[in-house]
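Novice: my questions are about this predicted structure, shown below with the sequence.
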2 protein chains.
Amino acid sequence: MLSTTERTRLRRGKHKGRTDRSELYALLDEGLVCHLGVVVGGSPMVVPTAYGRVDDTLYLHGSTGARSLRTDGEVCVTVTLLDGLVLARSAFHHSANHRSAMVYGRPRVVEDEEERMSALRAITDQVVPGRWEEVRAPTAKEMAATRVLALSLAEASVKVRTGPPGDDDEDHELPVWAGVLPVRQVFGEPEPDPGLAPGIGVPASVRGCRSPR
Amino acid sequence: MLSTTERTRLRRGKHKGRTDRSELYALLDEGLVCHLGVVVGGSPMVVPTAYGRVDDTLYLHGSTGARSLRTDGEVCVTVTLLDGLVLARSAFHHSANHRSAMVYGRPRVVEDEEERMSALRAITDQVVPGRWEEVRAPTAKEMAATRVLALSLAEASVKVRTGPPGDDDEDHELPVWAGVLPVRQVFGEPEPDPGLAPGIGVPASVRGCRSPR
């Protein structure tokens, strides 16, 4: 179960809230990109970045020079999956079917080399499951240039909207088309690197990429 | 041209920066969702939401009760378009082809009713161009329940990554497939509202939706 805090309590659209931790995991596992929010000099900064999950921990990584990872304060990580445009008869009831997770907390800089490596594996495999095993692992120099943050999933909320538009009763008589236009993310054909040596085929990991998502 | 401020100056990946204002406009016009970052009680909060652009102004809207719109401080609005997964021979050089815009500023609460209406039109037409003309316009009561924020595009940065992976020279000999797995957002078949009156066909706006994006 997801417990409620002052930050994760839904004020509006309460019926969209989900409290089952498995829904949080499923949503995070499906996403490719999160938006990391930090406060820098009193102002918010929102950066798209990769992430990975191991049990109840979300991992982020980046250059040791990245401002977004140098914060020692609270962060908010949001993952949004857009499922459809909700087109109502009234402008007011237009909406979007979506699943979104917000995770709040103060991330920990991961120092243990083993945990750092597992985190990078999780981040790599988040995008293409199984990819880590196929590629060259990070060198000591690369590891030294990389910052890894761990964010507990203890304080998180999940919001889901599904279904048709919620038009007012009196608007149902309007001669206006209403419904949902589904949206999904799909993968195209893999484009080999121009310098790829002959005879190296597309690996199982890439062929097996979840699509449509 | 996009001018550089302390917040929009790219520290790393400078070659990914774009300074042409038309690139900012094109990117914003293509997106469906932004991530709005605000500071609430000292902590960041990142919320996915719709938006619209009119010239050099980005408009946001929501319930008058929404915490994310009640801020009187700085915000950061980020729009991210994911174009491909960049799969290198080394874990370290994995990346994502993407276009992202970050807009910083202190939004203005829009009070003028005419500007409020134009903003809502822009937000509706952002998602499905031409939709506004087809639907019932907001009533006075709906307008009273809606907050509209205007954010100047004066302080913004654009970052773009394209092309194949950037593996180190010595890694090119590794027997590892490398390349780009394209990602795009597509629309499915429109799903009519269950209560739709017979004889109302899918309108031009919905049929004409930009796809693939």
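Specialist: Cool, got the structure.
Novice: so the longest strand anywhere in chain A versus strand B:75-87, what angle?
Specialist: Determined from DSSP state E, the single longest strand within chain A is strand A:75-87. Orientation check (axes from the mean of the first three to the mean of the last three CA atoms, to 10 degrees): strand A:75-87 against strand B:75-87 gives 90 degrees.
Novice: so which elements touch the very next helix or strand once past strand A:75-87?
Specialist: Using DSSP states H and E, the next helix or strand after strand A:75-87 towards the C-terminus is strand A:95-105. Counting contacts by 3 or more CB pairs under 8 Å, 6 or more residues apart in numbering or on different chains; DSSP states H and E, strand A:95-105 is packed against helix A:21-30, strand A:75-87, strand A:146-152, strand A:155-161, strand B:43-49. Glycine gets a C-beta too; all of them are placed from N, C-alpha and C.
Novice: recalculate using a threshold of 10 Å.
Specialist: helix A:21-30, strand A:34-40, strand A:57-63, strand A:75-87, strand A:146-152, strand A:155-161, strand A:179-187, strand B:43-49 (3 or more CB pairs under 10 Å, 6 or more residues apart in numbering or on different chains; DSSP states H and E).
Novice: list the buried residues of the fourth one.
Specialist: The one in question is strand A:75-87. By neighbour count on 16 or more other CB atoms under 10 Å in any protein chain shown, the buried set for strand A:75-87 is A:75-87.
Novice: ok, the third one next?
Specialist: Taking 16+ other CB under 10 Å as the basis for neighbour counts, the residues of strand A:57-63 that come out buried are A:57-62.
Novice: by contact count, what packs against that strand?
Specialist: Short answer (3+ CB pairs under 10 Å, 6+ apart): strand A:57-63 packs on strand A:34-40, strand A:43-49, strand A:52-54, strand A:75-87, strand A:95-105, helix A:113-127, strand A:146-152.
Novice: so the longest strand of chain A versus strand A:179-187, what angle?
Specialist: For strand A:75-87 against strand A:179-187, the angle by the same axes, to 10 degrees is 130 degrees.
Novice: quick one: strand A:75-87 to strand A:34-40, angle?
Specialist: Using the same axes, to 10 degrees: strand A:75-87 against strand A:34-40 is 130 degrees.
Novice: on the pLDDT front, check residue A:185 for me.
Specialist: At residue A:185, the model reports a pLDDT of 94.
Novice: with residue A:13 instead?
Specialist: Reported pLDDT for residue A:13: 74.
Novice: ok, the closest residue to it other than its chain neighbours - contacts?
Specialist: Among residues not flanking residue A:13 along the chain, residue A:159 sits closest, at 6.9 Å (CB to CB, 6 or more residues apart in numbering or on different chains). Taking CB atoms under 10 Å, 6 or more residues apart in numbering or on different chains, we find residue A:159 in contact with A:10, A:13-18, A:27, A:80, A:98-102, B:47-48.
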